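Q: My questions are about this predicted structure, shown below with the sequence.
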Amino acid sequence: MDTTEMRRLFEAHREAEAARDIDGILRTFVMDCFLETKALGLRSQGMDAVRAAYQQQYFTAFPDLAPADEGIAFGHDVITVWGTLRGTSRGEWLGVPPGGGAFEVPFADIVPCREGTMAGEAIYFDLATLCEQAGIPLERIRAAAAGRRTGPAGATGPQESQLPG
């Protein structure tokens, strides 16, 4: 993909996120897409898991979640975006009740592209600052994420991801 195509694809993705159009978001991804939240060590793999992450976590926990992109760079089949992530803790996140506070944290989003669409997203942000500003207990979020990474009966491997780009 050239940079013009990648930019158009990513803009369509951001527009769908802003509209809370889950189907529109998923149309920007390949079928075996991923959504990875590096701060939590969690990864959603495949359309169903990515859909669930958006519906049941991101837009429920932070209904006004809004990334403000401040920069974008392109490589061979990869997009890197950085900026400020803003939102308010209004719903349960990983089983932890909302804190009610607003947050504003820097983020970076690495987006590999494949087959003319996005292969997925790897999102980086400061979890401790987000939790402090949002009034969410950091240790409870870390424990909840750890429980999802190990899954039931001590199974290993990432189970799902939580915060979109």
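A: That came in fine, so what should we check first?

Q: Next secondary structure after the longest helix anywhere in the chain?
A: In the chain, with assignment by DSSP state H, the single longest helix is helix 3-18. Going down the chain from helix 3-18, the next helix or strand is helix 22-26, by DSSP states H and E.

Q: quick check, distance from that following helix to the centre of its chain.
A: What separates the centre of helix 22-26 from the centre of its chain is 13 Å, taken as Cα atoms, centre = their mean, to the nearest Å.

Q: So for it, what gets flagged as buried?
A: Buried residues in helix 22-26, counted by 16 or more other Cβ atoms under 10 Å: 22, 25-26. Just so you know, the C-beta spots here come from the backbone N, C-alpha and C atoms, and that holds for glycine as well.

Q: The strand ranked longest in the chain: how far from the chain's middle?
A: What stands out as the longest strand in the chain, according to DSSP state E, is strand 102-114. Between the centre of strand 102-114 and the centre of its host chain there is 7 Å, according to Cα atoms, centre = their mean.

Q: what angle sits between that strand and helix 3-18?
A: Going by axes from the mean of the first three to the mean of the last three Cα atoms, to 10 degrees, strand 102-114 is angled at 140 degrees with respect to helix 3-18.

Q: Could you shift the numbering so residue one becomes 31, and keep it that way?
A: That works, and once the first residue is 31, the last one we named lands at strand 132-144.

Q: What residues of strand 132-144 count as buried?
A: Neighbour counts over strand 132-144 (16+ other Cβ under 10 Å) mark 133, 135, 137-143 as buried.

Q: and which of those is nearest to Phe64?
A: For the buried residues of strand 132-144, the residue nearest Phe64 by Cβ to Cβ is Pro142; the value is 9.2 Å.

Q: And the helix or strand just after the longest strand of the chain, what does it pack against?
A: Going down the chain from strand 132-144, the next helix or strand is strand 147-155, by DSSP H and E. Counting contacts by 3 or more Cβ pairs under 8 Å, 6 or more residues apart in numbering; DSSP states H and E, strand 147-155 is packed against helix 33-48, strand 59-67, strand 132-144.

Q: and of the ones you listed, who's closest to Ile102?
A: Closest among the helices and strands packed on strand 147-155, once you apply Cβ to Cβ, is helix 33-48, at 7.3 Å.

Q: So what touches that closest one?
A: Outside of helix 33-48, the residues within contact range by Cβ atoms under 8 Å, 6 or more residues apart in numbering are 31, 52, 54-55, 57-58, 96-97, 99, 102, 104, 107, 109, 111, 141, 143, 146-148, 194.
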